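In: Sequence first, predicted coordinates after that:
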Amino acid sequence: MQDIDYSVQLQLKKNEIITDYELKKITLETSMKIFCKDEFFYRNRMDFPFSFDGPGQRQKGRFDRIVSFEKCYIANSGVDAAFGGVSAWFNAHRAEIDVFDVVKRAGTMRYATIRSPLFSQETSITFIFNAESPRIAEQKELIKQFAAGSAVKNVLLGLVKYNTDQSTVETAEIIKGSDVIFEQLGARKFYFHTQGFFQSNSGVLLDIIHFIREKLEGRYNTLVDLYGGVGTLGISLSGTADEVYVVDNSRLNSICGRKNIEVNGAANVKIIESDAGKIGELALGAGRSVFILDPPRNGIHRKVLSHIKTVLPEKLIYVSCNPATQAHDISVLLENYTLDDFAAFDMFPQTKHVESVAVLSKKPARANI
């Protein structure tokens with residue numbers, strides 16, 4: 001959407017959200033708040049596939065054609081600097097680098113996945129290789145040479161099957177530095193795995209945390225952070241509850257989550273490595289409770305919805321990167337909840353995507369007549 005004025009982009013996103021909700025017979029105010037930060041240079045992670053011309057991005061609508069360029073206008077300065085370093089290295093060693101051909105499904109070098117948190121000085125590059133290539137050892141030596149001459153602190157190597165399109169791996173080999181990096185969000189430090197999930201726009205993530213904190217009234221006995229990642233929301237909001245449970249099914253996220261509890265002195269937070277759909281089987285605290293939900297694009301698991309409608313937490317905070325599925329889930333929850341507040345957050349400027357946060361409160365119990 002870079003060809004569209006940014007103010008128009010924001011209005012288009014608001015209109016799309018309102019339409020998504022209207023389709024579920026839910027009315028949102030046209031004056032809905034939409035929070036934004038920088039229009040450009042914001043992403044703390046970019047995945048650059050390699051072509052025979054160097055690293056770049058896929059041409060729209062074409063999986064087999066990579067467009068090379070000198071500067072990425074949605075990557076933050078750390079990512080862009082690292083990308084420039086990879087591009088210069090590629091150009092200097094073009095004759096030696098064995099690039100993966102997505103049509104022939106042969107070759108070695110597939111991706112450079114670059115991460116650079118906005119508020120820390122951390123940087124990582126994971127080079128993704130075709131696991132079936134006979135030239136892995138030779139190409140790995142080139143990566144070692146790159147790492148030795150690069151200012152990037154952390155360089156890793158991952159192997160994926162020739163017939164998959166992955167830009168991260170469960171287990172990466174450390175060529176230089178570490179496989180864990182951190183972001184500084186205000187007074188708190190959050191470690192996350194280079195192969196794991198972390199929100200791509202740290203500035204807007206801070207806005208979301210502040211917004212949610214303002215909506216939590218008083219103190220709760222229990223806060224449950226579902227789909228909680230490395231505990232970013234649960235730990236940031238741990239001062240609002242006696243007990244906090246961060247539930248996530250990723251081993252990498254859970255390891256970093258426990259480290260984040262320690263470094264932030266959040267003794268009342270507990271990490272539970274589990275599928276969100278199994279929440280009904282978990283022994284969580286009771287009393288005055290709030291659930292924070294930040295599911296993937298396909299929305300809240302049906303078992304989670306069922307559990308919520310059974311235990312009826314006092315408040316729900318629903319964070320979503322897909323307002324259409326969010327609208328569907330909220331339409332199910334409105335039998336027991338009221339939609340108190342709603343705001344959009346432009347986590348992804350220059351694209352059609354947007355983040356949204358809904359605040360719901362449990363309806364008063366009906367009096368027996």
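Out: Looks like it came in fine.
In: pLDDT below threshold where in this protein?
Out: Under the criterion pLDDT under 70, the flagged ranges of the chain are 367-369.
In: give me that answer again for 90
Out: By pLDDT under 90, the low-scoring segments of the chain are 29-31, 60-61, 63-64, 70, 121, 217-218, 275-288, 364-369.
In: Figure out the helix or strand that Glu138 lives in.
Out: helix 136-149 (DSSP states H and E).
In: What of Ser254?
Out: Using DSSP H and E, Ser254 sits within helix 251-263.
In: following that helix, which helix or strand shows up next?
Out: Sequence order places strand 269-273 as the next helix or strand after helix 251-263, per DSSP H and E.
In: Identify the spatial nearest neighbour of Ser150, chain neighbours not counted.
Out: The spatially closest residue to Ser150, leaving aside those adjacent along the chain, is Gly85, at 5.6 Å (CB to CB, 6 or more residues apart in numbering). Bear in mind the C-beta positions are built from the backbone N, C-alpha and C, glycine included.
In: Tell me how far the one you found lies from Ala343.
Out: With distances taken as CB to CB, to the nearest Å, Gly85 is found 38 Å from Ala343.
In: residues near Gly277, how many?
Out: 17 (other CB atoms under 10 Å).
In: next one: Val86
Out: Neighbour count of Val86, defined by other CB under 10 Å: 20.
In: my guess is it contacts Phe48, does it?
Out: Yes: Val86 is within contact range of Phe48, at 7.2 Å (criterion: CB atoms under 8 Å).
In: Could you name every residue contacting both of the two?
Out: Counting by CB atoms under 8 Å, 6 or more residues apart in numbering, the common neighbours of Val86 and Phe48 are Pro55, Ala112, Ile114.
In: The helix or strand harbouring the last one vs helix 136-149, what angle?
Out: With the criterion set as DSSP H and E, the secondary-structure element containing Ile114 is strand 109-115. Calculated by axes from the mean of the first three to the mean of the last three CA atoms, to 10 degrees, strand 109-115 forms an angle of 30 degrees with helix 136-149.
In: name the helices or strands packed onto the strand or helix carrying the residue nearest to Ser150?
Out: Gly85 is located in helix 77-92, with elements delineated by DSSP H and E. For helix 77-92, the packing partners by 3 or more CB pairs under 8 Å, 6 or more residues apart in numbering; DSSP states H and E come out as strand 45-51, strand 54-58, strand 109-115, helix 136-149.
In: what's the closest of these to Tyr220?
Out: Among the helices and strands packed on helix 77-92, the nearest to Tyr220 by CB to CB is strand 45-51 (32.3 Å).
In: and that closest one, C-alpha only, in PDB?
Out: Coordinates of each C-alpha in strand 45-51 appear next as PDB, following Å, rounded to 0.1, in the frame of the first residue of the first chain:
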ATOM      1  CA  ARG A  45      12.100  -8.900  11.600                       C
ATOM      2  CA  MET A  46      12.300  -9.500   7.800                       C
ATOM      3  CA  ASP A  47      12.700 -12.800   5.900                       C
ATOM      4  CA  PHE A  48      14.700 -12.200   2.700                       C
ATOM      5  CA  PRO A  49      14.700 -15.100   0.200                       C
ATOM      6  CA  PHE A  50      17.700 -15.400  -2.000                       C
ATOM      7  CA  SER A  51      17.700 -15.300  -5.800                       C
END
